[in-house]
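A.B. asks: any chance you could fold what I've pasted below:
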Amino acid sequence: MNASWIVKPVSDLTPDELEKWHALRFPRLPLSQSISWAMAAQSVSGNCILVFSPERKVSALYLISGDQAECVNGPILDWDRIRDHEDLNEQISMAVFALYQGCPWLQTIRIRPRLDQKHFLFLAKNLAFPIIQTDLAQTMMIELDDSDEKMWLNLPARIRHEISRGRTAGVVTESIPIESHLSSFWDQTRKFYQTRNLFVPEESWIRSLLGSFTADQSGVIGEFSAQILRATHAASGSISEILVLHTHDVSYYFYAHENRSESCPNISLNACAQWEAIRSSANQGSVYYDLNGILHPEHRNAEHDSYAGVDRYKRKFKGKEIEYFSPLITFSNRE
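C.D. replies: Sure, this is the predicted structure:
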């Protein structure tokens with residue numbers, strides 16, 4: 001095995017290795033990859049292991065538990081180099097074998113690349129290790145355009161009506177500097193979600209994901225830019241705020257909260273904030289606005305599911321449903 005493959009705890013990376021890893025930190029992959037990284041990166045013990053290739057274009061982050069390893073980020077693959085099964089095996093298989101060589105006590109290594117159908121079928125056909133299970137993940141995408149008028153007309157009539165009613169009632173939308181407002185936003189979001197029995201991690205999680213902000217507070221964070229969009233009904237003191245992440249050609253509706261007073265009329269503050277987020281995402285150069293997850297069909301009508309209400313809200317926008325494949329690959333060490 002090429003000695004320049006790096007296999008070591010994240011906490012032990014040299015400054016040079018850390019810099020090279022950061023270059024891969026926000027890959028052009030579904031956002032869940034970076035979310036998984038952020039969750040795992042808070043580990044301060046040696047059970048958070050990084051593997052990346054000599055060219056620094058392939059990366060995988062594993063959590064080690066006893067004799068098992070679970071890939072929680074990646075593999076981040078250099079798809080431009082993949083032309084046949086040998087290239088694919090070099091990227092995934094070498095990472096697996098590198099990890100085993102660095103941690104020879106491991107018995108099982110699980111990898112969860114999140115792929116579209118084309119790449120999944122290629123992987124299933126050519127990978128050296130068997131795929132023993134496939135999970136499906138779904139999201140909803142809204143196609144963006146340079147023309148606000150075209151995007152407006154592409155919205156469902158019901159959503160346009162809700163936004164128009166909000167404007168008539170005096171709702172004003174604006175972008176808020178994220179660094180000065182992130183703590184307040186996250187505190188309000190946690191309270192909002194907790195009343196609905198939905199989980200929101202600690203503030204350290206979102207800061208771990210976003211990393212450090214630029215000195216001018218423009219919101220540019222590595223390959224991400226982040227915004228908080230606010231819709232305010234001043235007469236009643238009601239507000240709705242949403243956090244949007246822009247990366248490459250996709251923007252993500254990430255988290256939101258709403259604080260309505262009893263005197264607030266029956267208007268959708270969130271729909272007003274969403275429209276501003278859609279417009280802002282198009283201005284950032286995004287091609288799609290991702291509503292960031294919808295329920296699987298078997299859970300969609302389950303009233304006991306905590307996300308059923310969120311799912312119904314997102315489906316009002318009638319975007320394009322996208323399905324991702326998350327294969328579970330097991331490698332067992334048998335002497």
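A.B. asks: ranges for the helices of the chain?
C.D. replies: Here the chain has its helices, by DSSP state H, at 15-22, 32-41, 85-102, 117-126, 148-154, 157-168, 178-194, 203-210, 269-283, 308-315.
A.B. asks: same for the fourth one, what does it pack against?
C.D. replies: Packed against helix 117-126, as judged by 3 or more Cβ pairs under 8 Å, 6 or more residues apart in numbering; DSSP states H and E, are the following elements: helix 85-102, strand 131-143, strand 320-332. The way it works is simple: take the backbone N, C-alpha and C, and place the C-beta from them, glycine included.
A.B. asks: now the ones you listed in JSON lines, with distance to residue 53 and mean neighbour count?
C.D. replies: Converted to JSON lines, these look like this (distance: least, Cβ to Cβ, whole Å; neighbours: other Cβ atoms under 10 Å):
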{"stretch": "helix 85-102", "distance to residue 53": "7", "mean neighbour count": "18"}
{"stretch": "strand 131-143", "distance to residue 53": "22", "mean neighbour count": "15"}
{"stretch": "strand 320-332", "distance to residue 53": "17", "mean neighbour count": "16"}
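A.B. asks: make a markdown table out of these and add distance to residue 276 and mean pLDDT.
C.D. replies: Converted to a markdown table, the helices and strands packed on helix 117-126 look like this (distance: least, Cβ to Cβ, whole Å; pLDDT from 0 to 100):
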| stretch | distance to residue 276 | mean pLDDT |
| --- | --- | --- |
| helix 85-102 | 40 | 75 |
| strand 131-143 | 13 | 79 |
| strand 320-332 | 21 | 73 |
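A.B. asks: ok, which of those comes nearest residue 279?
C.D. replies: Residue 279 lies closest to strand 131-143 among the helices and strands packed on helix 117-126, at 11.4 Å (Cβ to Cβ).
A.B. asks: and the closest one, how far out from the chain middle?
C.D. replies: Relative to its parent chain, strand 131-143 has a centroid offset of 13 Å by Cα atoms, centre = their mean, to the nearest Å.
A.B. asks: quick one: contacts for residue 144?
C.D. replies: Residue 144 makes contacts with 151, 251, 278, 281-282, 286-289, as judged by Cβ atoms under 8 Å, 6 or more residues apart in numbering.
A.B. asks: number of residues surrounding the residue nearest to residue 194 when sequence neighbours are not counted?
C.D. replies: Distance criterion Cβ to Cβ, 6 or more residues apart in numbering; nearest residue to residue 194, sequence neighbours excluded, is residue 200 at 7.3 Å. Close neighbours of residue 200, defined as other Cβ atoms under 10 Å, add up to 16.
A.B. asks: thinking again about what came up before, how about the helices and strands packed on helix 117-126 in TSV, adding distance to residue 180?
C.D. replies: Listed next are the helices and strands packed on helix 117-126 as TSV, based on distance: least, Cβ to Cβ, whole Å:
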stretch	distance to residue 180
helix 85-102	40
strand 131-143	29
strand 320-332	34
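A.B. asks: relative to residue 176, which of those is closest?
C.D. replies: strand 131-143 (22.0 Å).
A.B. asks: tell me what the closest one is packed against?
C.D. replies: helix 117-126, strand 288-290, strand 320-332.
A.B. asks: quick one on the thing from earlier: for the helices of the chain, state which one has the densest average packing.
C.D. replies: Of the helices of the chain, the one with the most neighbours on average (mean count of other Cβ atoms under 10 Å) is helix 269-283, at a mean of 23.
A.B. asks: tell me if I'm right that residue 98 and residue 7 touch.
C.D. replies: Yes. When contacts are counted by Cβ atoms under 8 Å, residue 98 is listed as touching residue 7 (5.1 Å).
A.B. asks: find residues that contact each of those two.
C.D. replies: By Cβ under 8 Å, 6+ apart, residue 98 and residue 7 have these common neighbours: residue 51.
A.B. asks: distance of residue 52 from residue 269?
C.D. replies: 44 Å (Cβ to Cβ, to the nearest Å).
A.B. asks: lowest-confidence helix or strand of the chain?
C.D. replies: None of the helices or strands of the chain scores lower by mean pLDDT, DSSP states H and E than strand 220-221, at a mean of 41.
A.B. asks: pLDDT wise, what is residue 82 at?
C.D. replies: pLDDT, residue 82: 67.
A.B. asks: returning to that earlier point: now the helices and strands packed on strand 131-143 in TSV, with distance to residue 188?
C.D. replies: Shown next, in TSV, are the helices and strands packed on strand 131-143 (distance: least, Cβ to Cβ, whole Å):
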stretch	distance to residue 188
helix 117-126	38
strand 288-290	23
strand 320-332	30
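A.B. asks: let me see the contact set for residue 162.
C.D. replies: Contact analysis of residue 162 by Cβ under 8 Å, 6+ apart lists 267-268, 271-272.
A.B. asks: how does it look with 7 Å?
C.D. replies: Counting by Cβ atoms under 7 Å, 6 or more residues apart in numbering, residue 162 makes contact with 268, 271.
A.B. asks: residue 51 too?
C.D. replies: By Cβ under 7 Å, 6+ apart, the contact set of residue 51 is 5-7, 60, 62, 95, 98-99.
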